[in-house]
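[1] Next input, structure requested:
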Amino acid sequence: MKKLVLLALAAAGAVVAAKKAQQSQHEQALWAEAVDDVKARDTRS
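    Next comes the predicted model:
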């Protein structure tokens, strides 16, 4: 029974970690897009 509980906790932890990684990747993509747009529109230099 203890092994089953540990397995369930490990699976839940993996799901949480995967969601966190996906959110971080999405945020990084948004920042990259925002910064690239600013550089592309900046014609002063």
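
[2] how about the strands in the protein?
    Assigned by DSSP state E, the strands in the chain number zero.

[3] Show me the residue at the heart of it, geometrically.
    Centroid check for the chain by Cα atoms, centre = their mean gives Ser24 as the closest residue, at 2.2 Å.

[4] Can you get me a residue count around Ala22?
    Wrong residue type there; residue 22 is Gln, not Ala. When counting by other Cβ atoms under 10 Å, one arrives at 10 neighbours for Gln22. For glycine as for every other residue, the C-beta is placed from the backbone atoms N, C-alpha and C.

[5] show me the contacts for Val15.
    By Cβ atoms under 8 Å, 6 or more residues apart in numbering, the contact set of Val15 is empty.

[6] how near is it to Leu30?
    Shown here: Val15 relative to Leu30, a distance of 23 Å by Cβ to Cβ, to the nearest Å.

[7] about what we covered before: how much space between the residue nearest to the centre of the chain and Asp36?
    For Ser24, the distance to Asp36 - Cβ to Cβ - is 19 Å.

[8] How are the helices of this protein distributed by residue range?
    2-41 (DSSP state H).

[9] what about it, any weak spots by pLDDT?
    37-45 (pLDDT under 70).

[10] ok, now with 90
    For the chain, the stretches with pLDDT under 90 are 32-45.

[11] Around Leu6, count how many other residues there are.
    10.

[12] same deal with Gln28?
    Applying other Cβ under 10 Å, I find that Gln28 has 10 neighbouring residues.

[13] ok, now Ala10?
    10.

[14] ditto for Ala21
    Ala21 has 10 nearby residues by other Cβ under 10 Å.

[15] Lys20 too?
    Lys20 has 10 nearby residues by other Cβ under 10 Å.

[16] what do you get for the one 3 residues further on?
    Burial of Gln23, expressed as a neighbour count using other Cβ under 10 Å, amounts to 10.

[17] That one and Leu7: what is the separation?
    25 Å.

[18] likewise Val15?
    13 Å.
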